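S.K.: Fold the following and give me the result.
(4 chains, ligands or ions: 4)
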Amino acid sequence: SSNDSPSPGTAESDVMEQPRIGLIMKSLANEFFSTMQEGAIQHQSANQSYELICNGIKDETDLARQVALVDEMVASGVNAIVIAPADSKALIPALRRAVQAGVVVVNIDNQLDKSIMEQESVSIPFVGPDNRSGAKMVGSYLADQLKPGDQVAILEGKTTAFNGVQRRLGFEDAARDAKLEIVTSQSADWETNKANGLTISILSEYPNLSAIMASNDSMALGAVAAIKSLNRTDQVKVVGFDNITAIQELIRNDIVLATADQHAADLAVFGIEAALQQLGDQNAELLDVQTPVDLITKETLE
Amino acid sequence: MKTHVLFSADHLSKSFAVKVLSNINFDLTAGEIHGLVGANGAGKSTFCNIIAGLTIADSGCMTLDGKTYQPRNRTQSIQAGVQMVHQELSLIHHLTVAENLFLNKLPTRCGVIQHRQLLKQAAMLLNRIGLPQIDPDCAIASLGAGQQQLVEIAMALSRQCKILILDEPTSSLNSIETQQLFEWLCELKDQGIGIIFISHRLDELSLITDRISILRDGELVYTGATDKITPSQILDQIACKNRKTQTETAFKSYCKPELALRVKNLKVNDQLQDISFHLRRGERLGVAGLMGSGRTELLNAIYGEVSSKRGSIQVLGDTMDKPFQRPHLAAQNGLGMLPEDRKESGVLLDLNLTQNLTISSLKKKFSRFGITQEAKERRVSDDLLSELGVSFQDQSQYLHTLSGGNQQKIAFGKWLITHTQTLLLDEPTRGIDAAARLSLYTLMERFVSRGKSIIMVSSDLDELMQTCDRIIVLAEGQLTQTFDRATWKSEEIIKACFANSKTEEDPCN
Amino acid sequence: MQLKTAKHFALHHAGLLVVLGILTLIFGLGTDSFFRFQTLGVIANQIPDLTLVAVGMTFVLIIRGIDLSVGSTLALSSAALGSLLIDHDQPVLLAIIAAVLVGSLCGAANGLISVKANIPSFIVTLSMLEIARGLTKLITNSETKYIGSVIEPISNPISPISFSPAFLFAVTVVVASQFVLRRTVFGRYCIAIGTNEDAVRLSGINVVPYKVTAFVLCGVFCGIAGIFHAAKLSTADPNAAVGMELSAIAACVIGGTSLMGGRGNVSSTFLGVLIIATLQTGLATLGVSDPIKQIITGSVILIAVISDALRQRWS
Amino acid sequence: MQLKTAKHFALHHAGLLVVLGILTLIFGLGTDSFFRFQTLGVIANQIPDLTLVAVGMTFVLIIRGIDLSVGSTLALSSAALGSLLIDHDQPVLLAIIAAVLVGSLCGAANGLISVKANIPSFIVTLSMLEIARGLTKLITNSETKYIGSVIEPISNPISPISFSPAFLFAVTVVVASQFVLRRTVFGRYCIAIGTNEDAVRLSGINVVPYKVTAFVLCGVFCGIAGIFHAAKLSTADPNAAVGMELSAIAACVIGGTSLMGGRGNVSSTFLGVLIIATLQTGLATLGVSDPIKQIITGSVILIAVISDALRQRWS
Ligand SMILES: Nc1ncnc2c1ncn2[C@@H]1O[C@H](COP(=O)(O)OP(=O)(O)OP(=O)(O)O)[C@@H](O)[C@H]1O
Ligand SMILES: Nc1ncnc2c1ncn2[C@@H]1O[C@H](COP(=O)(O)OP(=O)(O)OP(=O)(O)O)[C@@H](O)[C@H]1O
Ligand SMILES: [Mg+2]
Ligand SMILES: [Mg+2]
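M.R.: Ligands and ions are numbered 1, 2, ... in the order given. Predicted structure coming up:
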């Protein structure tokens, strides 16, 4: 970037003026996060008022790598870190170190644990959706189409993932409210193929199953393929979460009932804007921002 | 002389799929060298393995020093005082000479090896057995097979023991080293150690042993003082059946004037310098030389197994300006090779006999559209096995269940069913019994009688003089002299072997 | 002859068959649905991709190599398929050919680099694992691609027999590969090379093409497995088959293939795949919790191998 | 003597050192911060756990074994630590001892089963991978356990030198292990067993204790690595070190350790770890996209091994 400028002096000051923001994602192999990242990159190229370094880990469980990324970003001298933490507890000490080093930290997507932040005596603002209420919304939409006592199954994400747990709880809330019977709840590790195998087993064990609630759309895809291969498309309904591109076609074709959209593309941008705001005014007290989660059905897609 | 029975075996029997040893009664007295002979597969190694605790006998009992002796594993037999040099090399390639020599009693303090002391001990030992030129700190893999064999013998000799078993220790030693070994054995004998000595070389046996036992098909058919039996009687006892092949036929040359192979100015790194010679069709060319003189290297270079080399090699009419870069190119041009180290690179121990025999010709002769014709394979290998005189139970047994000598016959046999014109044999009779050796000579003779040729490396000069038309001598990587059958004298050949020898040279540096 | 082979197979695999039998019994008694014919079909239609990959792996292991890139290669080929079908609107046949080609190219790269540069295949294929996965993400833009029903018939059960074409194909591959291994020059040389490469080379055989072919074969099977995987899920998933190398190797080793080369059987690899798949389906049907699932899976794999080792020692 | 060793080291590892140098140079020129001392500290404090695991793996590979369970063992030991500290309020020292003990038990189980029952360690440790991970999830109830600052000092940089105690410990382990491998009976026997186990047995040496010890050693190192891992994150993470077995083996193989046993060096394994860590940190500092990262990582590993192979062929 310094080549554009004729004088090295101004280039230097340009670099000095422009804040550098490190965006640390969870898995980049997941469409939700790559959309989030793309949103951030577009925002940056439209604004040109800051420098953006994006990094992620290979899957959502590699906490050590994400902690290392925080340290690396601090070492490389970023002014702010916007992070979608892979774990709501394990990242706090590293983020505390970052805050102590004078870096502005904003938490997006997956909320950090309040009590541990207190223990570590840091406060990091959260910008993001409420997964539990989102899942409940999807679950309730599904429940409207079923009758009380109908059997449903939940496909969980990684059992260790916070938002996975939140979504499961949301589904459970909805099921409890509508008096649906949850016959089984098993983890397919967010994966399409595992979800496929699992669904087939579940369907053959519970021939009267009416619906499957998948904690993300990738698993919903696997479930749909399983249901199709057993020719039970008419009997078993599927809902997902995340609103990835691949699921939209299935919703349009009535194969999947609903999913939830967390506005991935905007999520990181909200975080970055919050960070920029604080960089501009060191005294500003940042509050948590709850971003919207929308129910996506065939109607909303049209 | 009062003899004290050190070891005895009573009605020892062992069978694998078939009976390998039956009712062996054997005794060894202190201070004697007891020779053990027998055809390949007679059960010599098995017998010794039982004594060394590597194999457990089915029935019978043993005593050592008057006490019952029942070793369950090698550790127990070593504690009881039994040392053994195995027929196949069993050194550890990634360790140094010194570490190999003292593997089970490394000098240590708190588990840390006393490196200096180890080197000192090793140097002393190597000196004592006449190998001062070996650097104890160099990797064992950098030594040739002959030197490795000596190191392995040294290893056993250095350990305190009551019984020393040597399973074909001389098979890759030349006459001088053999002499050295014998002197040392006599020393041990004087210390009251009982030695069991296995060899297929009858002259050696009559030279060094006090008594001889003969095994035939797992039975002990004779035990007696060495001077009470003549070599020809021994041969009779070893194999009463194959007596006809054992009559030494007079040498007949099949040498034709046409050239089969020409090697010109071959140079391999610093191991071979400027070697030129030719080979005629139907000729058997012997290569003599001391251990480490580069004979194996020469065969490897011709066969394309050593990649960096200069010079040219021509085969038959085809002109090859460049040496063969890879073995399969040499094989396509009608060369075949029998490597020195059978176990490492000569045979496929985990395949069966048939598969070993047909490995080189599988694609050309035993397959159609890439599919193997097993019936044909079995037929051909059946004939070949009987032609080679291999003793076996079943064509589909794994090769590692065969005795060493029989494995060697298989390794030779695979080339007989290819279109190979020139065979490179590296110590082909190593570990082969006297009868089989003669039958191997016959096979070689039959091979050259069809206009094919052989280059043969051997440490046994008598063997070369018995079978070859011509002998070339290598010394320190140079071809020093060529001898013709008409004019050669063994003293002159031995002298030529020593031609370039710079004494006290360290081969590792 | 036919009878003899079957008997031989049963004897040879007694340990594994017993384990498989016990598993089936336990799951059958523990659930309502396991003994239904449908469950058999369910298991059968789960495994074509793993079967193919494990067969390819068997060849590579036999020549004393290893292929860690199988999962990534599978993903790359299914990504190529998805991308051609969806982003470039190419005909199905072309996309299928391309997918197989992609697989074979990965295999060829693995084979050529490891054999020609004489580098352990472990490290070459480990690099390929990363590279192919990276390429997969590039091609799919890290998004799951929904392919739809064009290739679905490959994985859907054919109605009367409840097996999918993919499964039938995989079984055919198993039988054919077993034949290739036991009855062809290529198979024999693979085994020989695995036992003692030096000896084979000194027997005047050029080992390079055979070794490379084994890797290419593995790549081709991964390519086809990629198609089956995509067909099963109707999607091209950039995260497909992560970690499949371990399952495939486990199947081979359970079936008695040696990691030190020279020993192995495609038919027993298939038994290994069946054991793994039965276990997975059975545990899912029982609905046990995730940690317990893992503990049981690990233990059963161990038990299968130990029981097989014991059987061999007795006989 | 000291000088000679350093020179010998440099010569022996020329290929790897060159690769490491080039990487550092590229990242140094490509970013503003890479040459800062702080970045060095960041890299150094990331690698203690991988270093320990890779050292343990080196021993196991040398005796011709393999240990796929390292990641799970690490996670199990850190889960034990976390559980004792948090759920049972035990003192730190006790928890640390327990964690190491857990590691060594896993190692002992691996070693005893594979050696005594004569089963490939690949499959035994693959089972252990599943079982230990399952146990980890049971202990932690599939949740990350926040431990807090009691064990944090282990992983925090000591202020003037910017290296953490964990890193210094890991370096000490590397040096000591290299000494053990080269200069003690245990080390030489490990190499001998890996090269030719039969020959060692023929020398009257009981190989069982040495082989088992190698596995136990690996387990102990995994246990300690688990503590370091927990200290670094201040949490016990049930998903800790998933897939670490491949990174550890990659580090060993990059450093020239043979998967066929008998050949290997702890010091060059450490170089392998450094290359992997430098690459990761460098690419993150540059901020290249994830697929490209994977492609580059794969390629660099391959290049490192090829360049080392070439160097050996020339010399
Ligand atoms: N593990 C085994 N399994 C089956 N048969 C075996 C096994 N070991 C040896 N044999 C058989 O036992 C017989 C005796 O073998 P042994 O090695 O003792 O012969 P040998 O007298 O030493 O022969 P050589 O002179 O060739 O070394 C052979 O027929 C061989 O095939
Ligand atoms: N792999 C190797 N590395 C280093 N030096 C070697 C190697 N192989 C052989 N040499 C050396 O090359 C020289 C020639 O060895 P070669 O094996 O050709 O001799 P040889 O006449 O066949 O002796 P031997 O009777 O030992 O087989 C010897 O000095 C030997 O030490
Ligand atoms: Mg013998
Ligand atoms: Mg030689």
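
S.K.: Please, where are all the strands along the stretch 201-302 of chain A?
M.R.: A:209-214, A:237-239, A:259-261, A:289-290, A:294-296 (DSSP state E, counting those that start in this stretch).

S.K.: Can you give the distance from stretch A:67-78 to the centre of its chain?
M.R.: 22 Å (Cα atoms, centre = their mean, to the nearest Å).

S.K.: Could you do stretch A:245-259 as well?
M.R.: Remark: stretch A:245-259 is offset 19 Å from the chain centroid, using Cα atoms, centre = their mean.

S.K.: pLDDT of that stretch, averaged?
M.R.: What stretch A:245-259 shows for mean pLDDT is 89.

S.K.: again with stretch C:205-217
M.R.: Taken as a whole, stretch C:205-217 has a mean pLDDT of 96.

S.K.: What residues sit buried inside that stretch?
M.R.: C:205, C:206, C:207, C:210, C:211, C:212, C:213, C:214, C:215, C:216, C:217 (16 or more other Cβ atoms under 10 Å in any protein chain shown). Bear in mind the C-beta positions are built from the backbone N, C-alpha and C, glycine included.

S.K.: which residues touch it?
M.R.: Residues from elsewhere that reach stretch C:205-217, judged by Cβ atoms under 8 Å, 6 or more residues apart in numbering or on different chains: B:326, B:328, B:331, B:359-360, C:56, C:59-60, C:62-63, C:65, C:67, C:104, C:107-108, C:110-112, C:114-116, C:121, C:186, C:189-190, C:193, C:197, C:200-201.

S.K.: Among those residues, which ones lie close to ligand 3?
M.R.: Contacts with ligand 3 within the contacts of stretch C:205-217, as defined by Cβ under 5 Å from the ion: none are present.

S.K.: ok, now how distant is whichever residue of the stretch 101-250 of chain B sits closest to ligand 2 from ligand 4?
M.R.: Proximity of the stretch 101-250 of chain B to ligand 2 (Cβ to the nearest ligand atom) peaks at residue B:144, 2.5 Å away. The gap separating residue B:144 from ligand 4 is 5 Å, by Cβ to the ion, to the nearest Å.

S.K.: Same question for residue B:382.
M.R.: Residue B:382 sits 33 Å away from ligand 4 when distances are taken as Cβ to the ion.

S.K.: Tell me how many other residues surround the closest residue to that residue other than its chain neighbours.
M.R.: Spatial nearest neighbour of residue B:382, chain neighbours left out: residue B:395 (6.6 Å); criterion: Cβ to Cβ, 6 or more residues apart in numbering or on different chains. Using other Cβ atoms under 10 Å in any protein chain shown, residue B:395 is surrounded by 16 other residues.

S.K.: How about the secondary structure of residue B:395?
M.R.: Using DSSP: H, G, I helix; E, B strand; the rest coil, the structure places residue B:395 in coil.

S.K.: How about the contacts made by it?
M.R.: With Cβ under 8 Å, 6+ apart, residue B:395 has these contacts: B:352, B:353, B:354, B:378, B:381, B:382, B:385.

S.K.: Show me which of the residues you listed is closest to ligand 4.
M.R.: The shortest gap between ligand 4 and any of these belongs to residue B:353, at 26.3 Å (Cβ to the ion).

S.K.: OK, contacts around the closest one?
M.R.: Here residue B:353 is in contact with B:381, B:385, B:390, B:392, B:395, B:396, B:397, B:399, B:402, B:410 (Cβ under 8 Å, 6+ apart).

S.K.: can you rerun that using 7 Å?
M.R.: By Cβ atoms under 7 Å, 6 or more residues apart in numbering or on different chains, the residues touching residue B:353 are B:381, B:385, B:392, B:395, B:397, B:399, B:410.

S.K.: Got a PyMOL select line for the buried ones in the residues you listed?
M.R.: The PyMOL selection below is limited to those of the contacts of residue B:353 classed as buried (16+ other Cβ under 10 Å):
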select buried, chain B and resi 381+385+392+395+399+410
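
S.K.: follow-up on the earlier one: redo the buried residues of stretch C:205-217 as JSON lines? Include secondary structure and distance to ligand 4.
M.R.: Listed next are the buried residues of stretch C:205-217 as JSON lines, based on DSSP: H, G, I helix; E, B strand; the rest coil; distance: Cβ to the ion, whole Å:
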{"residue": "C:205", "secondary structure": "coil", "distance to ligand 4": "23"}
{"residue": "C:206", "secondary structure": "coil", "distance to ligand 4": "25"}
{"residue": "C:207", "secondary structure": "helix", "distance to ligand 4": "23"}
{"residue": "C:210", "secondary structure": "helix", "distance to ligand 4": "29"}
{"residue": "C:211", "secondary structure": "helix", "distance to ligand 4": "28"}
{"residue": "C:212", "secondary structure": "helix", "distance to ligand 4": "32"}
{"residue": "C:213", "secondary structure": "helix", "distance to ligand 4": "34"}
{"residue": "C:214", "secondary structure": "helix", "distance to ligand 4": "33"}
{"residue": "C:215", "secondary structure": "helix", "distance to ligand 4": "35"}
{"residue": "C:216", "secondary structure": "helix", "distance to ligand 4": "38"}
{"residue": "C:217", "secondary structure": "helix", "distance to ligand 4": "38"}
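
S.K.: Turn those into TSV, columns for distance to residue B:447.
M.R.: Shown next, in TSV, are the buried residues of stretch C:205-217 (distance: Cβ to Cβ, whole Å):
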residue	distance to residue B:447
C:205	21
C:206	25
C:207	26
C:210	29
C:211	32
C:212	35
C:213	34
C:214	35
C:215	39
C:216	39
C:217	39
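
S.K.: Also near ligand 3: which of those residues, exactly?
M.R.: Of the buried residues of stretch C:205-217, not one also sits near ligand 3 (Cβ under 5 Å from the ion).

S.K.: Closest to ligand 1 out of the residues you listed?
M.R.: Using Cβ to the nearest ligand atom, those come closest to ligand 1 at residue C:205, 26.4 Å.

S.K.: how much space between the closest one and residue B:331?
M.R.: 7 Å (Cβ to Cβ, to the nearest Å).

S.K.: OK, contacts around the nearest residue to residue B:350 once chain neighbours are set aside?
M.R.: Leaving out its chain neighbours, the residue that sits closest to residue B:350 by Cβ to Cβ, 6+ apart is residue C:195, at 4.5 Å. By Cβ under 7 Å, 6+ apart, the contact set of residue C:195 is B:348, B:350, B:351, C:261, C:262.

S.K.: Could I get the pLDDT score of the last one?
M.R.: Here the pLDDT value assigned to residue C:262 is 86.

S.K.: what number of residues lie near the closest residue to residue A:213 other than its chain neighbours?
M.R.: With Cβ to Cβ, 6+ apart as the criterion, residue A:213 has its nearest non-adjacent residue at 4.5 Å, and that residue is residue A:171. Neighbour count of residue A:171, defined by other Cβ under 10 Å: 31.
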